[in-house]
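1. Quick check, what structure comes out for this input:
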Amino acid sequence: MAFAFNKNTLIAMKNTLYISMLILGVILISCTAQKTSITKTQNQNLSSNDTIRIANDSLEYEVIIIDPGFNIWLASRAHPRWYYTQEYLENKNQIYVNEWNNRVLQPQRYNPNLYEMTINYDSNIDYGYEVNYLIYNYMVYFQNNYNQRLFGRVPLR
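-> Next up, the predicted model:
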């Protein structure tokens, strides 16, 4: 049995794999990071709301962010959608992802429990506003929540 894939399909499959790996990393980070205790009722209310999923079948990618507290942070502390331009978000994401990937490659210097795998973010692909908005805000949330600085001044929200 033989399979034939064109270049775009292979790139899309590769992007899907890397984004899935990012998601797995976020899950592992959230499992290993120290958390503050919350009551059982609060935990039940939050548990159904800690997953954010975005999919684009035409580009064959999917982004899932699972990190307890991120959805509430996004709704209550992040700037509203369309506050930033897509170009701004893309530029910041490229900088943050580059630094993230540099830290993954230096586990002796940076906590390997926080930076477990690289992120394949291609600045030549138009992921759209929503994906860039969520990645940017997750990076801000990550930096504030885990006391990390990927690049420059991080908005405190």
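
2. Where does the prediction get shaky in the protein?
-> 1-60, 62, 155-157 (pLDDT under 70).

3. can you give me the strands in it?
-> Secondary structure of the chain (DSSP state E): strands at 51-56, 61-66.

4. Tell me the buried residues in the last one?
-> For strand 61-66, burial by neighbour count (16 or more other CB atoms under 10 Å) applies to 61-66. Yep, even glycine has a C-beta here, placed from its N, CA and C like the rest.

5. In terms of secondary structure, what does it contact?
-> helix 7-32, strand 51-56, helix 129-145 (3 or more CB pairs under 8 Å, 6 or more residues apart in numbering; DSSP states H and E).

6. re earlier: same list (the buried residues of strand 61-66) but as JSON lines, adding distance to Glu116.
-> Shown next, in JSON lines, are these (distance: CB to CB, whole Å):
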{"residue": "Tyr61", "distance to Glu116": "20"}
{"residue": "Glu62", "distance to Glu116": "19"}
{"residue": "Val63", "distance to Glu116": "17"}
{"residue": "Ile64", "distance to Glu116": "16"}
{"residue": "Ile65", "distance to Glu116": "15"}
{"residue": "Ile66", "distance to Glu116": "14"}
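
7. what sits against the spatially closest residue to Lys92 that is not a sequence neighbour?
-> Sequence neighbours aside, Tyr136 is the residue nearest to Lys92 in space, at 5.5 Å (criterion: CB to CB, 6 or more residues apart in numbering). Counting by CB atoms under 8 Å, 6 or more residues apart in numbering, Tyr136 touches 84, 89, 92-93, 96.
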